[in-house]
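1. build me a structure from this.
(2 chains)
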Amino acid sequence: MSMLDEISHYLEAQGLGTLGVSLFKHRLGDAGVPAFATCLFQRPGQAGIVIHERPGVAYEMPDIGVLVRGASNQYATAMQHALDIHEALAEVVNMTLDGTWYVAIEPVSPPEDQGLDYHARPLILARYNVTKAPS
Amino acid sequence: MTTGWRGQGTRIEYALMASGATDADFRLLEECRISNDQDRSEELDASNHDTPGRFRGYVSGMREVVWNIGGNWLPQRQSHQDLLTMYANGTRYQWRINYPQLTPPMRWAFTATLTQFSRTYDATTITAWTGTLRPASAPVLTTVGTADVVPYLLSVPSTADLPTGTWALSLIGGVLSLHFNASNTIVSLALGTPESTGLMVTSAPTSGTRSGTAWRVYLLSVPTTAGLPDGQWALSLIAGTATLHLNQGSTLRSLGLGLPGGTSSSGSGASALPLWLSAPLASDLLDGYWVLALIGGVASIYVNVAGTIRVLTIGIPG
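-> The predicted structure is shown next:
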């Protein structure tokens, strides 16, 4: 299972979206997708932590981006949703998500206004550093 | 040729005794990621007005030997609790640092006191520890036998190493291979990297005994003794079941390896799966024969050597 699966299941369990309905991975489309929706993106992050006795990466350190989109009149709603996700992800410390050990999900910065898309819908973006065991 | 290498793969081990430790006494220090030895000698200025060229001359003084080690702080692990014991006691313990990634493998061995042991548990970083080892005498770097470090060979065996009719495993360049001495000829079968799914012959297969391309070298039907010379073996994959066939004195013997990815059960003989789930007795195995066992999650090879069962522990898969 990938990191996006694990984190999206966690957010779903926190009541912060429903996969395939209001919570998406990789791509946030237009057709059939509500204006108010959230999408998780995997970002490069850092190289990870290796240890002596085992080959491979002992702890991965990818980044994740969380983009919240609202309807054109939903800036405050979208921002609040991004803040709720921000709080929920920051609480992931020393926790197992879908069987994978997560050392931490650390916010890089609070959610930021990315402006409007071509339908004048507000976009709120936040990024997080993740330290986790390989999935 | 100069060959660079990296430290990953190094095994840092300790024994909770000052001397006399055997292999069984050494324990792996888990999740180390820092290892740095500093061996410095004092410089004594031995210059005088008669020094040639008026260049200052130095002679070596006392050696300052420090080994800094550290890694992820895992207080729930026994090996890290042992660090606390060593630091609290302040006495000498035996250490060794293995380089199994070298060919042949090498090892530092020394007795040292743990003189510094610090932990960090910052809220924003992965917890870590560092320690300082002060060797009580000069660390000794030696070449070690492969059996001391890993239960597989790190180079292709010669017929002198491998008696006729016996086999050995190797792990060379990340590729696991099975070597068999068939009538004073080493036949090698690469089992691939742990992640790979195929099999590959790395030396010429016996004509007519194997089929397929380099990545499909198994038989698709049971071989006959006419197709498989005496003392030779071949793998087959028939209806999804892998089997090892051996021509032993013009009698074909077959050992079912089971379904790739499937489950196995204990048993012996031609029709049973070779993965034992309990330790076999000498009466279960013919002299010179072996079986694999997986007991309590630990894989081992059991061999009947002249009526005595001998065990080679391979370790925990993964």
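2. list the buried ones in the lengthiest strand in chain A?
-> If you go by DSSP state E, chain A has its longest strand at strand A:37-49. By neighbour count with 16 or more other C-beta atoms under 10 Å in any protein chain shown, strand A:37-49 contains the buried residues A:Ala37, A:Thr38, A:Cys39, A:Leu40, A:Phe41, A:Gln42, A:Gly45, A:Ile49. Quick note: C-beta positions are derived from backbone N, CA and C, even for glycine.
3. turn these into a markdown table, columns for pLDDT and distance to B:Ala138.
-> Shown next, in a markdown table, are the buried residues of strand A:37-49 (pLDDT from 0 to 100; distance: C-beta to C-beta, whole Å):
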| residue | pLDDT | distance to B:Ala138 |
| --- | --- | --- |
| A:Ala37 | 96 | 66 |
| A:Thr38 | 97 | 62 |
| A:Cys39 | 97 | 60 |
| A:Leu40 | 97 | 55 |
| A:Phe41 | 96 | 55 |
| A:Gln42 | 94 | 50 |
| A:Gly45 | 92 | 43 |
| A:Ile49 | 93 | 33 |
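4. among the residues you listed, which are in reach of chain B?
-> A:Ile49 (C-beta under 8 Å from any C-beta of the partner chain).
5. list just the nearest of the buried residues of strand A:37-49 to chain B.
-> A:Ile49 (6.7 Å; C-beta to the nearest C-beta).
6. so what's that closest one closest to, chain neighbours aside?
-> A:Tyr59 (4.1 Å; C-beta to C-beta, 6 or more residues apart in numbering or on different chains).
7. so that neighbour touches A:Lys132, yeah?
-> Yes: when contacts are counted by C-beta atoms under 8 Å, A:Tyr59 is listed as touching A:Lys132 (6.6 Å).
8. which one of these two is surrounded by more residues?
-> It is A:Lys132, of A:Tyr59 and A:Lys132, that has more neighbours when counted by other C-beta atoms under 10 Å in any protein chain shown, with 23 against 19.
9. residue contacts, the closest residue in space to that one that isn't next to it in sequence?
-> Take A:Lys132 and drop its neighbours on the chain: the residue closest to it by C-beta to C-beta, 6+ apart is A:Tyr102, 4.6 Å away. Counting by C-beta atoms under 8 Å, 6 or more residues apart in numbering or on different chains, A:Tyr102 touches A:Glu6, A:Val92, A:Val93, A:Asn94, A:Met95, A:Thr96, A:Val130, A:Thr131, A:Lys132, A:Ala133.
10. centre of the chain versus the top helix by length along chain A, how much separation?
-> Counting by DSSP state H, the longest helix found in chain A is helix A:75-90. How far helix A:75-90 lies from its chain's middle: 11 Å, per C-alpha atoms, centre = their mean, to the nearest Å.
11. show residues contacting it.
-> Outside helix A:75-90, the residues touching it (C-beta under 8 Å, 6+ apart) are A:7, A:10-11, A:14, A:16, A:36, A:38, A:66, A:68-70, A:105-107, A:110-111, A:113, A:122-126, A:128.
12. among the residues you listed, which ones are in strands?
-> A:38, A:66, A:68-69, A:105-107, A:113, A:122-126, A:128.
13. quick check, the residue in the stretch 51-200 of chain B closest to chain A?
-> For the stretch 51-200 of chain B, C-beta to the nearest C-beta, closest residue to chain A: B:Ile126, 5.7 Å.
14. can I assume that residue is in contact with A:Thr131?
-> Yes: at 6.2 Å, B:Ile126 and A:Thr131 qualify as touching, with contact defined as C-beta under 8 Å.
15. which one's more surrounded, the two?
-> Per other C-beta under 10 Å, whichever of B:Ile126 and A:Thr131 has more neighbours is A:Thr131, with 21 against 18.
16. who in chain A is up against chain B?
-> So chain A meets chain B at A:Ile49, A:Val50, A:Ile51, A:His52, A:Glu53, A:Pro55, A:Ala58, A:Tyr59, A:Val103, A:Ala104, A:Glu106, A:Thr131 (C-beta under 8 Å from any C-beta).
17. contacts only, for the residue nearest to A:Ile49.
-> A:Gly48, A:Ile49, A:Val103, A:Thr131, A:Lys132, A:Ala133, B:Ile126.
18. returning to that earlier point: which PyMOL command selects the buried ones in the contacts of A:Tyr102?
-> This is how PyMOL selects the buried members of the contacts of A:Tyr102, with burial counted by 16+ other C-beta under 10 Å:
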select buried, chain A and resi 6+92+130+131+132
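19. save the contacts of A:Tyr102 as CSV, and put in secondary structure and pLDDT too.
-> Converted to CSV, those look like this (DSSP: H, G, I helix; E, B strand; the rest coil; pLDDT from 0 to 100):
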residue, secondary structure, pLDDT
A:Glu6, helix, 96
A:Val92, coil, 96
A:Val93, strand, 94
A:Asn94, strand, 94
A:Met95, strand, 93
A:Thr96, strand, 94
A:Val130, strand, 97
A:Thr131, strand, 96
A:Lys132, strand, 95
A:Ala133, coil, 93
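20. can you pull the residues of chain B lying near chain A?
-> Residues of chain B lying near chain A (C-beta under 8 Å from any C-beta): B:7-12, B:28, B:30-33, B:35, B:71-72, B:124, B:126.
21. try it again with 7 Å
-> B:7-12, B:28, B:31-33, B:35, B:71-72, B:124, B:126 (C-beta under 7 Å from any C-beta of the partner chain).
22. among these, which are in helices?
-> Per DSSP H, the subset of these in helices is empty.
23. what subset of these is buried?
-> Buried among these by 16+ other C-beta under 10 Å: B:Thr10, B:Arg11, B:Ile12, B:Glu31, B:Cys32, B:Arg33, B:Ser35, B:Gly71, B:Asn72, B:Ile126.
24. looking at the residues you listed, which is nearest B:Thr308?
-> B:Arg11 (30.1 Å; C-beta to C-beta).
25. now do the closest residue to that closest one other than its chain neighbours against A:Asp113, distance only.
-> The shortest distance from B:Arg11 to any non-neighbouring residue, by C-beta to C-beta, 6+ apart, is to B:Asn98 (4.3 Å). B:Asn98 sits 54 Å away from A:Asp113, going by C-beta to C-beta, to the nearest Å.
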